[in-house]
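S.K.: just coords:
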């Protein structure tokens, strides 16, 4: 019986297959991200050669289908490296292959990439994935087999050269816990093994890698292990002797760089960097900086809202520190000496506006600012009440082109078919509603004065306000459709007698008036004239009559005198109260259907940008960092048959 154990793994990479463009705008491409092929791998920390097999039937596709990023060579450190997105819902398993559709950004900076893809110059795609569980099989005389029975793609990347089979690739510093199911006789203790990366080639085998230091292939697995250990040891020795960062050695090790080529890389790096004093500043590894940024971010969020953000143990060292003190600490960890620098110079270096001693300032503090601002913005955005969501339907659009939504009519009537009879063709009627996405946004600047004055609210309270404003904008847009009663695609107002959804008798909420509305919705007809039996689910009212509505729909009897006073709507309708309706009328009320039964109002976001987002850049209008809040949003009434209105009394 196999016994479980756990190991820590980095994000794994494999080559994927990029197919031809399938979109009308020539920016979408089909990707085969796995074929389930078995590839040879090598773990130099465990000194073991093994085969990895990805089980195609056990893939977690949620991340890809939620709009996972398409990156430039697996760079997950900068927003500018996001060059596209996996189209939501496109990832699937089909004929034993894992497939997805990606879309490349239409900006000018992506045009050279698009051109090279279209010309067939960029052909290599790599998938980054996490393995949750391996089933390990060991047999005497055979290489162990690690079957990934539970794994999850995280991102797709365009890469110049895919990983070679057998290479040990570790592009991400993040590690994840993976469960190993192994036979007890072969069970071993593994601590943080680095499982190297490989490629799988769905279409055609990869060309042999060009090796400037060719040597005969090892005759046995033991020779391969010995040769690999020698290569790793020599690369580490060369890099340390030159006082270059360990990250450079790790990159050359994981890229499969030969010893001869490693010496050239080190000499080129020494020539580029210049003096040993400058080189000594670049000694921190990315793992440590990522950790420091995370705890500094947590400390600032705790300072902003201690009830929501609990202080992590590691963040206690930053508790009570000012923005300037945190910035100085980050710069010191990067090897930047801030002694003798004025507060303005330190603040400018923290924000990326200054260059010190030939070493360009880092973006650590700017990234912390952006992350803190993003979290406070999203928290406020998600917390803002949006009462329209129960009766409206959310969708996404891939671009800003006009969206045409058909208002589905009846399916054609089924005719009786006699023996040896012929099936007749039918048609489906449809109406059409059109709208297009619009972009809304605002920019706020974080300048030197903000840092010097320790004004934390500049990138917590302001983004919070942006988040609430974005949520309010969506509510204004959707409820504006109801109150404006604008014309539909047929030229008639949303609520109109011709649409059979407007009561001719103004009335307060009572059994008779609700009965009229319910019956009116049930008797709505499709575009071909057949009843579609729309059922009322929501009672929508202005805030002025919310209490009356709540009391009515929860009260079984109105007056306890006779059976005719029984309230048939008790616990049958859900009340939605919205103060924006009060501005139009204090007494008008509405019924609405469940959007899963019939279209009502549709609200739309840009694909991959569901909600409000922040972007940052070094400012041109301000001497500091600019934060831009952006919302791509639109809404439209799609079908009047899901609504009923009474003018009220």
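M.R.: Received it, and whenever you're ready, just let me know what you need. Please read all numbers here as calculations on a predicted model, not as lab measurements.

S.K.: what's the spacing between residue 518 and residue 541?
M.R.: Distance, residue 518 to residue 541, by Cβ to Cβ, to the nearest Å: 16 Å. (C-beta placed from N, C-alpha, C; glycine too.)

S.K.: Let me know the secondary structure of residue 540.
M.R.: strand (DSSP: H, G, I helix; E, B strand; the rest coil).

S.K.: which residues sit in contact with it?
M.R.: Residues in contact with residue 540 (Cβ atoms under 8 Å, 6 or more residues apart in numbering) are 391, 482, 576, 577, 578, 581, 589, 590, 591, 592.

S.K.: ok, the nearest residue to residue 316 once chain neighbours are set aside - contacts?
M.R.: Nearest in space to residue 316, with sequence neighbours left out and distances taken as Cβ to Cβ, 6 or more residues apart in numbering, is residue 299 at 7.9 Å. If you count contacts by Cβ under 8 Å, 6+ apart, residue 299 has them with 311, 315, 316, 318, 319, 321, 326.

S.K.: now for whatever helix or strand the last one lives in, which elements pack on it?
M.R.: Read it as residue 326. Using DSSP states H and E, residue 326 sits in helix 323-333. With contacts defined as 3 or more Cβ pairs under 8 Å, 6 or more residues apart in numbering; DSSP states H and E, helix 323-333 has these neighbours: helix 286-304, helix 343-350, helix 364-383, helix 448-452.

S.K.: and for that helix, what are the contacting residues?
M.R.: With Cβ under 8 Å, 6+ apart as the criterion, helix 323-333 contacts 284, 288-289, 292-293, 296, 299-300, 318, 321, 338, 343, 346-347, 349-350, 361-362, 364-365, 368, 450-452, 454-456.

S.K.: Quickly, which of the helices and strands packed on helix 323-333 bottoms out on average pLDDT?
M.R.: The minimum mean pLDDT among these belongs to helix 286-304 (a mean of 80).

S.K.: And the average pLDDT for the strand or helix carrying residue 50 is what?
M.R.: Using DSSP H and E, residue 50 falls within strand 48-54. Strand 48-54 shows an average pLDDT of 80 in the prediction.

S.K.: Which strands and helices lie in contact with that strand?
M.R.: strand 38-43, strand 145-158, helix 221-241.

S.K.: could you redo the last one with a cut-off of 7 Å?
M.R.: Packed against strand 48-54 by the contact rule (3 or more Cβ pairs under 7 Å, 6 or more residues apart in numbering; DSSP states H and E) you find strand 38-43, strand 145-158.

S.K.: which of the ones you listed sits most buried?
M.R.: Mean neighbour count (mean count of other Cβ atoms under 10 Å) peaks for strand 145-158 among those, with a mean of 21.

S.K.: What's the mean pLDDT across it?
M.R.: Mean per-residue pLDDT for strand 145-158: 88.

S.K.: which outside residues touch that strand?
M.R.: Residues lying outside strand 145-158 but in contact with it, judged by Cβ atoms under 7 Å, 6 or more residues apart in numbering, are 11, 16, 31, 33, 50-55, 58-60, 63-64, 68-74, 83, 86, 102, 113, 122, 125-137.

S.K.: least trustworthy helix or strand in this structure by mean pLDDT?
M.R.: For the chain, counting by mean pLDDT, DSSP states H and E, strand 359-360 ranks last in confidence among helices and strands (a mean of 38).

S.K.: Check which residues of stretch 86-94 are buried.
M.R.: 86, 87, 88, 90, 91 (16 or more other Cβ atoms under 10 Å).

S.K.: shaky segments in the stretch 501-649 of the chain?
M.R.: Flagging of the stretch 501-649 of the chain using pLDDT under 70 yields the residue ranges 556-565, 618-623.
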